[in-house]
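Visitor: Below is the sequence, then the predicted model.
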Amino acid sequence: MTGVRTRTASTGTGDRSRPRAALPALCLTQITGWGTVYYAFPVLNPAVTADTGWSTPATTAAFSGALLVSAAAGVPLGRILDARGPRTVMTTGSVLAVTALLVIAYAPGLPVFAGGWLLAGVAMAATFYHPAFAALTRWWGDDRVRALTIVTLAGGLASTVFAPLTAFLAGHLSWRATYTVLAVLLAAVTIPAHALALRGPWPPAPPTAGTRSADTARAARSRPFLLLLLLAAAFTLSGFAMYAVVISLVPLLTARGASTTAAAWALGLGGIAQTLGRTLYATLARRTTVTVRTTALIAAGGATTAALALVPGPVPLLALIAVLAGTVRGNLTLLQATAVPDRWGTAAYGRLSAVLAAPTTVAAALAPWLAASSPTPSGDTRPCSSPSPRRRRSPRPWHSARRRTRRPQGRAQVPVRSRAGRPGRIRRRGRRVARGRGRGAWPSPG
């Protein structure tokens, strides 16, 4: 009995303190939040730039700014989560997310558009995986892996549901109206769910966790955590490449011949692959060491990113590569979510996980902008999502122009006017020289 009591105290949770509606509510809000705030942007960004005239690097930089703000706000919000629980943080974040989408939808200019995304960055830090993981880790204790897996399985469906839905709305509405509809949906789902389902008592943080340090500052300066920061650097490089794929997938596929709807479905299939990949993580964790599976997953992420950059097509093959990339992303999410509690327990999960995730979030912030600003494989410096301007055809010389004739009934052949100039005239060294007689005469072969 003593061991059982100690175990319950070390996790700071028990079945009685666990709100029953928290897990399904967080599943629903993660799908809606990620789908409306994050995955809608790559689908709507081409319409935004085409309608407003803003450049793709400028709009993508605004989105990247949101992710940078999310990384900066994660650590202080993590302290609040550790002390007070997720209800206030996530409910307030939902209100901010709805407000941010409405500001984005009705932005009269690029500065207001960027300001809306900066506000959305605070909402991301308060409503995305980080606070949800903190809540489940404290409430579910030793059973946290199952709860984290369920929530990430649901979150992986966000692109599957909202990428095609956003493309459908954009096909019938303007991008501003589409963002307005998504804001209304976000408000209807996430605000009441966070306010009502997360009302359970917040278990107190354990003062100690066996041999694990509960002092957050000391843990952050310890040698194992410094080694873990090296792992975070690897996560950062991998996340940089893979988030660039997520944001650039739709314009990449459309530039290679796919329709916007087909590209959105490919992005959605990547979400399904995230879900399937997360179901395989428990088996992977049992059969491999941390070093082996981390190295394998990061290498697989780099390989799929390189394949999307180098393989020209066809579109089904690119969609298959996107599915494989989604599988890797799903496993990396769980690998990072369980790193802190497996070593230091749940006492300071909010802050330590935010410190660990900050470099990856910064990489995720810079990746979309750099991907939008980088040259295309053909050497063009325009972003791959911007349409190529139409090239004007230069007038053909008389000797290369296609000569077409018409054959009226009962009359001889009459030449049709050429685009190179008036019939009966040729171009020679920039001067027009008359040849032949009459308006309908062909140039003489001499």
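Guide: Thanks, I have the structure now. Numbers count the residues shown, from 1 in each chain.
Visitor: can you give me the helices for the stretch 251-400 of the chain?
Guide: 260-279, 281-287, 290-310, 315-337, 339-344, 349-373 (DSSP state H, counting those that start in this stretch).
Visitor: May I see those arranged in a markdown table, with distance to residue 43, mean pLDDT and mean neighbour count as well?
Guide: Every residue, glycine included, has its C-beta placed from N, CA and C. As requested, the helices of the stretch 251-400 of the chain are exported to a markdown table (distance: least, Cβ to Cβ, whole Å; pLDDT from 0 to 100; neighbours: other Cβ atoms under 10 Å):
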| stretch | distance to residue 43 | mean pLDDT | mean neighbour count |
| --- | --- | --- | --- |
| helix 260-279 | 5 | 80 | 22 |
| helix 281-287 | 28 | 78 | 13 |
| helix 290-310 | 18 | 79 | 16 |
| helix 315-337 | 14 | 82 | 21 |
| helix 339-344 | 32 | 65 | 20 |
| helix 349-373 | 13 | 67 | 23 |
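Visitor: Turn those helices into CSV, columns for distance to residue 94.
Guide: Output for these, formatted as CSV (distance: least, Cβ to Cβ, whole Å):
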stretch, distance to residue 94
helix 260-279, 21
helix 281-287, 28
helix 290-310, 31
helix 315-337, 21
helix 339-344, 25
helix 349-373, 18
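Visitor: between these, which gets nearest to residue 79?
Guide: helix 349-373 (5.5 Å; Cβ to Cβ).
Visitor: ok, now how distant is residue 250 from residue 267?
Guide: From residue 250 over to residue 267 the distance is 6 Å, taken as Cβ to Cβ, to the nearest Å.
Visitor: Please read the previous query as pertaining to residue 318.
Guide: 11 Å.
Visitor: swap in residue 325?
Guide: Distance, residue 325 to residue 267, by Cβ to Cβ: 11 Å.
Visitor: try residue 123
Guide: For residue 123 relative to residue 267 (Cβ to Cβ), the value is 22 Å.
Visitor: Now the common contact residues for residue 250 and residue 267.
Guide: 42, 43 (Cβ atoms under 8 Å, 6 or more residues apart in numbering).
Visitor: Tell me which residues touch residue 181, please.
Guide: 169, 173.
Visitor: Report pLDDT for it.
Guide: pLDDT, residue 181: 97.
Visitor: Helix or strand for it, just tell me which one.
Guide: Using DSSP states H and E, residue 181 sits in helix 175-197.
Visitor: likewise residue 122?
Guide: Residue 122 belongs to helix 110-127, assigned by DSSP H and E.
Visitor: Just the CA coordinates for that helix, please, in CSV.
Guide: Only the C-alpha atoms of helix 110-127 are listed here, as CSV (Å, rounded to 0.1, in the frame of the first residue of the first chain):
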residue,chain,number,x,y,z
LEU,A,110,-0.5,43.6,-44.6
PRO,A,111,0.4,45.2,-41.2
VAL,A,112,-3.0,44.3,-39.7
PHE,A,113,-2.8,40.9,-41.3
ALA,A,114,0.6,40.3,-39.6
GLY,A,115,-0.7,41.6,-36.3
GLY,A,116,-3.5,39.1,-36.5
TRP,A,117,-1.0,36.3,-36.9
LEU,A,118,1.1,37.5,-34.0
LEU,A,119,-2.1,37.3,-31.8
ALA,A,120,-2.7,33.8,-33.2
GLY,A,121,0.8,32.9,-32.0
VAL,A,122,-0.2,33.5,-28.4
ALA,A,123,-3.4,31.4,-29.0
MET,A,124,-1.3,28.6,-30.4
ALA,A,125,0.9,28.4,-27.3
ALA,A,126,-2.3,28.3,-25.1
THR,A,127,-4.4,25.8,-27.1
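Visitor: now what about that helix, what contacts it?
Guide: 29, 33, 37-38, 52, 54, 58-59, 61-63, 65-71, 73-74, 77, 89-90, 92-94, 96-97, 99-104, 107, 131, 190, 194.
Visitor: ok, now with 7 Å
Guide: For helix 110-127, contacts defined as Cβ atoms under 7 Å, 6 or more residues apart in numbering pick out 29, 33, 37, 54, 58, 62-63, 65-70, 73-74, 77, 89-90, 92-94, 96-97, 99-100, 103-104, 107, 190.
Visitor: what about residue 101, how many residues close to it?
Guide: Other residues near residue 101 come to 27 when the count uses other Cβ atoms under 10 Å.
Visitor: likewise residue 259?
Guide: 12.
Visitor: so how far is residue 130 from it?
Guide: In terms of Cβ to Cβ, residue 259 sits 35 Å off from residue 130.
Visitor: can you check residue 147 too?
Guide: 15 Å.
Visitor: which of these two has more neighbours?
Guide: residue 130 (27 against 22).
Visitor: Find me the pLDDT at the closest residue in space to the more buried one that isn't next to it in sequence, would you?
Guide: Excluding the flanking residues, the one nearest residue 130 by Cβ to Cβ, 6 or more residues apart in numbering is residue 74, at 5.7 Å. Residue 74 carries a pLDDT value of 86.
Visitor: low pLDDT regions in the stretch 1-150 of the chain?
Guide: 1-17 (pLDDT under 70).
Visitor: What ranges does it have for its helices?
Guide: Under DSSP H, counting those that start in this stretch, the stretch 1-150 of the chain gives helices at 2-11, 22-33, 40-52, 56-84, 87-105, 110-127, 129-140, 144-155.
Visitor: Against residue 280, how distant is the residue lying closest to residue 33 once chain neighbours are set aside?
Guide: Leaving out its chain neighbours, the residue that sits closest to residue 33 by Cβ to Cβ, 6+ apart is residue 127, at 5.0 Å. Separation of residue 127 from residue 280 (Cβ to Cβ): 27 Å.
Visitor: and what of residue 92?
Guide: Distance, residue 92 to residue 280, using Cβ to Cβ: 35 Å.
Visitor: Equivalent analysis for residue 198, please.
Guide: For residue 198 relative to residue 280 (Cβ to Cβ), the value is 29 Å.
Visitor: do the same with residue 46
Guide: Applying Cβ to Cβ, the value for residue 46 to residue 280 is 34 Å.
Visitor: now do residue 71
Guide: Taken as Cβ to Cβ, the span from residue 71 to residue 280 is 28 Å.
Visitor: more crowded one of those two?
Guide: Ranked by neighbour count (other Cβ under 10 Å), residue 71 and residue 280 place residue 71 first, with 21 against 13.
Visitor: Not counting its neighbours along the chain, what's nearest the more buried one?
Guide: Here the residue nearest residue 71, using Cβ to Cβ, 6+ apart, is residue 361, at 3.7 Å.
Visitor: wait, the one you found sits on residue 70?
Guide: Yes: the pair residue 361 / residue 70 is scored as a contact, 5.9 Å apart, by Cβ atoms under 7 Å.
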